[in-house]
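> Predicted model and sequence follow; I will ask about them next.
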2 protein chains.
Amino acid sequence: MPTESEIISLIRRRVRTSGDVLTGIGDDAAVIKGSADKDLLACCDLMVEGVHFQIDWTPPRLLGRKALAINLSDIAAMGGVSKFAMISVALPDRCSEEFIVEFFEGVFEMAEEQGVSIIGGDTSSSREWMFVDISLIGECGAGCAVTRAGAKPGDVIYVSGSLGGSALGLKLLGDGVRLSELGEADDDRRTALLKHLSPQPQTTLGRAIGEARLATAMIDISDGLSTDLWHILEESNCGAIIHADAIPISASVRGLMSAAESTPRKPVACDTSLGLALSGGEEYELLFTANPASSIQIDELKNSLGLAITAIGQIDEGEGLRLEQEGRLSPLAPSGYEHLI
Amino acid sequence: MPTESEIISLIRRRVRTSGDVLTGIGDDAAVIKGSADKDLLACCDLMVEGVHFQIDWTPPRLLGRKALAINLSDIAAMGGVSKFAMISVALPDRCSEEFIVEFFEGVFEMAEEQGVSIIGGDTSSSREWMFVDISLIGECGAGCAVTRAGAKPGDVIYVSGSLGGSALGLKLLGDGVRLSELGEADDDRRTALLKHLSPQPQTTLGRAIGEARLATAMIDISDGLSTDLWHILEESNCGAIIHADAIPISASVRGLMSAAESTPRKPVACDTSLGLALSGGEEYELLFTANPASSIQIDELKNSLGLAITAIGQIDEGEGLRLEQEGRLSPLAPSGYEHLI
């Protein structure tokens, strides 16, 4: 079977779109010409049991929240605001009524928190696995959508929040750690599990960046910082340097990984805090580039929203992505830190 | 596990939508306030392997065509025109590259025939079953969407095309008949198989009805004539009589069922031509109601499009749906003809 990126390439090569489609396949969301002052945004995200989640370690309400959150994150990454969602769900027989009610309650909760109307969907039985596909329609000012394609040499690279927590949470789940069994002193583990099971999309930040036209390019971190930055570089035809010391590593990752890191360095750097922060997926933080002239406005936004926004490097005319660590530069592959060593 | 209609009731009870949502969950598509002169339509439809289709009897190109066609049919049933589609697909390992290319080719073919732009989607692996969800965005004149809720006593009930073919096609597939193995003289069986495997959505008719404001209510026949007419009656708070002799039964059904029907009547009427036409799902014809004053315009439309459009009964103030057959009236249950006897 071809890989996901091979299938997407096949589709992008083949697809023809009308003039109303301002940005088609290949960004976080599509951009469609709307009215004189607004453009429409549309995206969808699939979650497949056994691939994207395991039912036995995922509280159904959090699964519902996450299924919508990952779409909200895509619209935020375009600088837009989410408006209308449709939910398709295929459910195997073993899903109890309580599970289903809790799952939808999670979707509704997240929708209400974010001002999104659920306007439709489809349900089906499934022979064995649960599938969830949510499609989301949003909007932004006409011509204001922030794509992956606008980064320019000299731009500063920023990331919101802190990184590595979701990947560590997934690792802990795989090791048998469960949210319901954590004690009171388990703050770091709870934080990591929740970052994976119940990510909070950066919708206020994304919308503010879009409305103030602060970013030249933006993406949400779903595949991992290095991979998603590569997406921006490829679409913008430029290179970048990021600084290891500047990467905001989640406090939970620092706390939980410090013991492991005091042992001799492991051959797979993904097992280090920095490795998790560079290559860990499903963070749903925003990664964006901005002209240095916007730095004061970005600082103001950071203060007014009370969010961490960290400058981690610069766009340049060089080849691909490079990591600066202790004064040395090394190439950083799109598939993550572990390929470096 | 709750049934699909129980899950939909749960969602409809719980969901709150903004004022921009003119028609939410419970119609063929949602209607959203767009610009001054246009409303947006949005819908999605799931196809799950082992539930909605079997891979071993479905040519992948036809599967792709059908996955989009069933959504096009929903937008047509609102009187709108389809514009933009997103495709989510989860594929098990056993799907070959050829299968995947053919599947997408079917989607693209149908999209091009219908002037639809593919603007996005998502792909994933799947542990075992294939899963397809397409969401479609369309539009119609502001306030012109045809819902299920506008039928009035005295309205005439019309159906496009002829019925029963898809259900018979499914029955033949279940009996081991395959499209690739049919001989030249197998026209009836080919017609029935194709009606099931490759339905043609009535997009030109739906759009024309919407633009000329000819229908008071409309739905596409996906669950079966009797069930879908019940949906209109429930949403419009009225009753109806349909006439057995007027139901347009597919010529392929008449041809193939005539031998079976010459034997003594079977207890399950679904095995008769009329039974298939009344209860067979996945026809993707349009069922609509119209004021008798529109009958001349409907005749003109029928002639100009060269399509069969048949008056099959009348909306009234009576209780539920009744079938008139040889001068006698009997109640017709929403779940199909077989419940009658």
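Good, I have the coordinates.
> shouldn't A:Met47 be in contact with A:Phe131?
Yes: using Cβ atoms under 8 Å, A:Met47 is in contact with A:Phe131, at 7.4 Å. Where you see a C-beta, it was placed from the backbone N, CA and C, and this is true even at glycine.
> Which positions within the helix or strand encompassing A:Glu105 qualify as buried?
Element membership of A:Glu105, judged by DSSP states H and E, is helix A:97-113. The neighbour-count check on helix A:97-113 (16 or more other Cβ atoms under 10 Å in any protein chain shown) flags A:Phe99, A:Ile100, A:Val101, A:Glu102, A:Phe103, A:Phe104, A:Glu105, A:Gly106, A:Val107, A:Phe108, A:Met110, A:Ala111 as buried.
> can you list contacts of that helix?
A:59-69, A:72, A:85, A:87, A:89, A:91, A:116-118, A:134, B:1-2, B:7, B:10-11, B:14-16 (Cβ atoms under 8 Å, 6 or more residues apart in numbering or on different chains).
> Need the buried ones from those selected in PyMOL.
Entered in PyMOL, the line below selects the buried ones among those, by 16+ other Cβ under 10 Å:
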select buried, (chain A and resi 59+60+61+62+63+64+65+66+67+68+69+72+85+87+89+91+116+117+118+134) or (chain B and resi 2+7+10+11+15)
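> Among the contacts of helix A:97-113, which are located in helices?
Using DSSP state H, the members of the contacts of helix A:97-113 that fall within helices are A:60-69, A:72, B:7, B:10-11, B:14.
> Please name the residues that touch A:Glu324.
A:Ile241, A:Ile242, A:His243, A:Ala244, A:Gly313.
> Closest one to chain B out of those, please.
Proximity of those to chain B (Cβ to the nearest Cβ) peaks at A:Ile242, which lies at 27.5 Å.
> part of a strand, is that closest one?
Yes: per DSSP: H, G, I helix; E, B strand; the rest coil, A:Ile242 lies within a strand segment.
> bridging residues for A:Val31?
A:Thr23, A:Leu41 (DSSP bridges).
> So which bits of the strand or helix carrying A:Tyr158 are buried?
Per DSSP H and E: A:Tyr158 is located in strand A:156-160. By neighbour count on 16+ other Cβ under 10 Å, the buried set for strand A:156-160 is A:Val156, A:Ile157, A:Tyr158, A:Val159, A:Ser160.
> Kindly report the same for stretch A:214-234.
A:214-233.
> can you give me the strands for chain A?
A:21-23, A:30-33, A:38-48, A:81-92, A:117-126, A:131-141, A:156-160, A:217-220, A:239-243, A:286-290, A:309-316, A:321-325, A:328-331 (DSSP state E).
> I'd like the ones you listed written out as CSV, with distance to B:Leu205 and mean pLDDT added.
Listed next are the strands of chain A as CSV, based on distance: least, Cβ to Cβ, whole Å; pLDDT from 0 to 100:
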stretch, distance to B:Leu205, mean pLDDT
strand A:21-23, 26, 93
strand A:30-33, 26, 96
strand A:38-48, 27, 96
strand A:81-92, 25, 96
strand A:117-126, 23, 93
strand A:131-141, 26, 97
strand A:156-160, 50, 98
strand A:217-220, 42, 98
strand A:239-243, 54, 98
strand A:286-290, 46, 98
strand A:309-316, 53, 98
strand A:321-325, 53, 96
strand A:328-331, 58, 95
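> Adding distance to B:Thr203, write those out as a markdown table.
Putting the strands of chain A into a markdown table (distance: least, Cβ to Cβ, whole Å) gives the following:
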| stretch | distance to B:Thr203 |
| --- | --- |
| strand A:21-23 | 20 |
| strand A:30-33 | 20 |
| strand A:38-48 | 20 |
| strand A:81-92 | 20 |
| strand A:117-126 | 19 |
| strand A:131-141 | 21 |
| strand A:156-160 | 43 |
| strand A:217-220 | 35 |
| strand A:239-243 | 46 |
| strand A:286-290 | 39 |
| strand A:309-316 | 46 |
| strand A:321-325 | 46 |
| strand A:328-331 | 51 |
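> Which one, of those, ends up nearest to B:Ser124?
Proximity to B:Ser124 (Cβ to Cβ) singles out strand A:38-48 among the strands of chain A, at 4.9 Å.
> orientation of that closest one relative to strand B:81-92 in degrees?
20 degrees (axes from the mean of the first three to the mean of the last three Cα atoms, to 10 degrees).
> Now do strand A:38-48: which elements does it pack against?
strand A:30-33, helix A:60-76, strand A:131-141, strand B:81-92, strand B:117-126, strand B:131-141 (3 or more Cβ pairs under 8 Å, 6 or more residues apart in numbering or on different chains; DSSP states H and E).
> 6 Å instead?
strand A:30-33, helix A:60-76, strand A:131-141, strand B:81-92, strand B:117-126 (3 or more Cβ pairs under 6 Å, 6 or more residues apart in numbering or on different chains; DSSP states H and E).
> which one of these lies closest to B:Ala185?
Of these, nearest to B:Ala185 by Cβ to Cβ is strand B:81-92, at 36.9 Å.
> okay, the angle between the closest one and strand B:131-141?
170 degrees.
> Could you report the separation of A:Ile137 from A:Gly120?
11 Å (Cβ to Cβ, to the nearest Å).
> How about A:Leu91?
Applying Cβ to Cβ to A:Leu91 and A:Gly120 gives a distance of 17 Å.
> and what of A:Leu287?
31 Å.
> list the contacts for the nearest residue to A:Ala36 once chain neighbours are set aside?
Spatially, and ignoring its direct neighbours in sequence, A:Ala36 is nearest to A:Ala142 (6.7 Å; Cβ to Cβ, 6 or more residues apart in numbering or on different chains). By Cβ atoms under 6 Å, 6 or more residues apart in numbering or on different chains, A:Ala142 lies in contact with A:Asp37, A:Lys38, A:Asp39.
> who touches the first one in this structure?
Which is A:Asp37. Counting by Cβ under 6 Å, 6+ apart, A:Asp37 has contacts A:Ala142.
> on that earlier part again, higher neighbour count, A:Leu287 and A:Gly120?
More crowded of A:Leu287 and A:Gly120, by other Cβ atoms under 10 Å in any protein chain shown: A:Gly120, with 29 against 24.
> show me what contacts that one?
With Cβ under 6 Å, 6+ apart, A:Gly120 has these contacts: A:Met86, B:Ile25, B:Ala30, B:Cys43.
> Quick check: phi and psi at A:Cys144.
phi -100, psi 0 (degrees, to the nearest 10).
> What separation is there between it and chain B?
Distance of A:Cys144 to chain B, computed by Cβ to the nearest Cβ, to the nearest Å: 17 Å.
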